[in-house]
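Novice: mind folding the following:
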Amino acid sequence: MRKRLIGKVISDKMQKTRVVVGETLKQHPLYKKFYKHRTKYYVHDEKEESKVGDTVLIEETRPLSKLKRWRLVKILKKEG
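Specialist: Here you go, the predicted structure:
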């Protein structure tokens, strides 16, 4: 089973690569307050169909380049 995440596209300036940000809620170990933790994922988009602002489903895959370890599965919500 490969990991799957939902995130939002924040950059589409590279060819066949999108930068997707994933947000998770974490709890501080001492103060028990919840805060948002953001992580950038470099995602392979073969058909270049996603644009900035789209909500997408991504899946873990083999290393495709120095930073790319995820691929686009489908676009859940188009922006605009």
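Novice: need the contact list for the spatially most central residue of the chain.
Specialist: The residue lying closest to the centre of the chain (C-alpha atoms, centre = their mean) is Val20, at 3.3 Å. Counting by C-beta atoms under 8 Å, 6 or more residues apart in numbering, Val20 touches 7-10, 40-43, 56, 58, 70. All C-beta spots, glycine's among them, are computed from the backbone N, C-alpha and C.
Novice: if we use 7 Å, what do you get?
Specialist: Going by C-beta atoms under 7 Å, 6 or more residues apart in numbering, Val20 touches 7-9, 41, 43, 56, 58.
Novice: ChimeraX command for the buried members of those?
Specialist: A single ChimeraX command selects the buried members of those (16 or more other C-beta atoms under 10 Å):
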select :7,8,9,41,43,56,58
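Novice: and which of the contacts of Val20 is nearest to Gly80?
Specialist: Nearest to Gly80 among those is Val9, at 12.2 Å by C-beta to C-beta.
Novice: done for today, thanks.
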